[in-house]
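S.K.: need a 3D model of the following:
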Amino acid sequence: MNLLITGCCGHIGSYLVSNIHKIKKIKKTFIIDNFKSTQINSLFKSKKKNNLEFHKLDLSMKNSLNKFDKVDYIIHLASMTNAEGSFEKKNEMYKNNIDCMNNVISFCKRKKAKLIHISSTSVYGKQASLVDENCEKKFLKPQSPYADIKLIEERLLQKVSKNIEYITYRFGTISGVSNGMRFHTAVNKFCLNASLNDDITVYKTALNQYRPYLSLRDAFKVFKFTIEKDLFKNDIYNALSENCTVNQILQKIKKFKKKIKVKFVYSKIMNQLSYHVDKKKLNNEGLYLKNKIINDVKDTMKLLENI
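M.R.: Presented below is the predicted three-dimensional model:
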């Protein structure tokens, strides 16, 4: 079976590429990226052990995928990310991400490729209680252009559900070390601030509010399980390792650096808005995501200890 990974150099993509040989069903993997927000070094050390074929291309361009013929699965990771930064690049992000999504959908329809689509738990927005995939559309509260776009992508897929096989995962905020890791998400950003002895900025009322996090280790389990079990049900699943409060993340960091500087502010911080997400639906399929976020904190702090 052949796999196509879009956004192969990003935080998730680079980890997936490094471990793709563990999915025995996959014999050949095409990987693509445009290098606009990532670098080629994200792929270092990957190619020797995996049957990879890299292509530099802009997925937002129409017919950009025409060069690929035999593709059985697509894992679509390519997109402009960063919820907090999406306000400044709202129009660009809408056009880029929706164009990419439409091109992937068109390709899947033509080639009968099965699609793993990555959405975000941020589509839920601020919620007062535990929320699951049955949350009605009218109660979804995306708080950023990035989250709003993810919801649009979900609905684009629902419109073509009779024509393609797919699965959508609403990923929690990613944590963990990869060749293409980024530091705008909460856990990684806090670890970097702590390592540099910089202030860790916390929204005053967010200290004990929850947010879902997904370890890269568990993210890979999601991809592997989906392909091996052929879990393409044209449905939506939450994917997270743990729900943690901001304070719990800070306490995890303090296990590896006792003195950290926390600065409380009263302006809202996008990645600290509270929502608590249920993962029973994925458990019911037989997949249990159990990695502890403290393991990712440990790995990240070790990576940063010499800066």
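
S.K.: could you use CA atoms for every contact and neighbour count after this?
M.R.: Will do.

S.K.: and the helix or strand hosting residue 243, what other elements does it pack with?
M.R.: Using DSSP states H and E, residue 243 maps to strand 242-245. Strand 242-245 makes packing contacts with strand 210-215 when contacts are defined by 3 or more C-alpha pairs under 8 Å, 6 or more residues apart in numbering; DSSP states H and E.

S.K.: send me the following helix or strand past the strand it packs on as CSV with only the CA atoms.
M.R.: Toward the C-terminus, strand 210-215 is succeeded by helix 216-229 as the next helix or strand (DSSP H and E). Extracted in CSV, the C-alpha atoms of helix 216-229 (Å, rounded to 0.1, in the frame of the first residue of the first chain):
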residue,chain,number,x,y,z
LEU,A,216,3.2,12.9,19.5
ARG,A,217,3.6,9.3,20.6
ASP,A,218,-0.2,9.0,20.8
ALA,A,219,-0.7,10.9,17.6
PHE,A,220,1.4,8.3,15.8
LYS,A,221,-0.7,5.5,17.4
VAL,A,222,-3.8,7.2,15.9
PHE,A,223,-2.3,7.0,12.4
LYS,A,224,-1.1,3.5,12.8
PHE,A,225,-4.4,2.2,14.2
THR,A,226,-6.5,3.9,11.6
ILE,A,227,-4.6,2.4,8.7
GLU,A,228,-4.1,-1.1,10.2
LYS,A,229,-7.8,-1.4,11.3
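
S.K.: related to what we said a few turns ago, got a list of contacts for the strand holding residue 243?
M.R.: For strand 242-245, the surrounding residues in contact (C-alpha atoms under 8 Å, 6 or more residues apart in numbering) are 206-214, 276-277, 290, 292-293.

S.K.: show me what the helix or strand just after that strand is packed up against.
M.R.: Sequence-wise, the next helix or strand downstream of strand 242-245 (DSSP H and E) is helix 246-254. Contacts defined by 3+ C-alpha pairs under 8 Å, 6+ apart place helix 246-254 against helix 186-195, helix 293-304.

S.K.: let me know which of those is tucked in deepest.
M.R.: A comparison of those by mean neighbour count, using mean count of other C-alpha atoms under 10 Å, puts helix 186-195 on top with a mean of 22.

S.K.: pull the number of nearby residues for the nearest residue to residue 198 once chain neighbours are set aside.
M.R.: Once flanking residues are discounted, residue 198 sits nearest to residue 261: 6.7 Å by C-alpha to C-alpha, 6 or more residues apart in numbering. When neighbours are counted by other C-alpha atoms under 10 Å, residue 261 registers 12.

S.K.: got a list of what residue 261 touches?
M.R.: Contacts of residue 261 by C-alpha under 8 Å, 6+ apart are 194, 197, 198, 199, 200.

S.K.: repeat the analysis, applying 10 Å as the threshold.
M.R.: 193, 194, 197, 198, 199, 200, 201 (C-alpha atoms under 10 Å, 6 or more residues apart in numbering).

S.K.: mind listing the helices for this structure?
M.R.: Remark: helices assigned in the chain by DSSP state H are 11-19, 90-111, 145-159, 186-195, 216-229, 246-254, 280-284, 293-304.

S.K.: would you turn the ones you listed into CSV with distance to residue 5 and mean pLDDT?
M.R.: Shown next, in CSV, are the helices of the chain (distance: least, C-alpha to C-alpha, whole Å; pLDDT from 0 to 100):
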stretch, distance to residue 5, mean pLDDT
helix 11-19, 7, 94
helix 90-111, 11, 92
helix 145-159, 17, 94
helix 186-195, 24, 95
helix 216-229, 11, 98
helix 246-254, 31, 96
helix 280-284, 22, 98
helix 293-304, 24, 97
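
S.K.: can you put these in TSV and add distance to residue 64?
M.R.: Formatted as TSV, the helices of the chain follow (distance: least, C-alpha to C-alpha, whole Å):
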stretch	distance to residue 64
helix 11-19	19
helix 90-111	8
helix 145-159	19
helix 186-195	33
helix 216-229	24
helix 246-254	41
helix 280-284	33
helix 293-304	35
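
S.K.: which residue ranges make up each domain of the protein?
M.R.: 2-174+214-239, 175-211+242-304 (automatic domain parsing).

S.K.: just give the nearest non-adjacent residue to residue 163, would you?
M.R.: residue 109 (6.2 Å).

S.K.: how about residue 128?
M.R.: residue 275 (6.9 Å).

S.K.: who are the contact partners of residue 13?
M.R.: So, once contact is read as C-alpha under 10 Å, 6+ apart, residue 13 ends up touching 5-7, 19, 31-33, 42-43, 75-78, 178-181, 216, 220.
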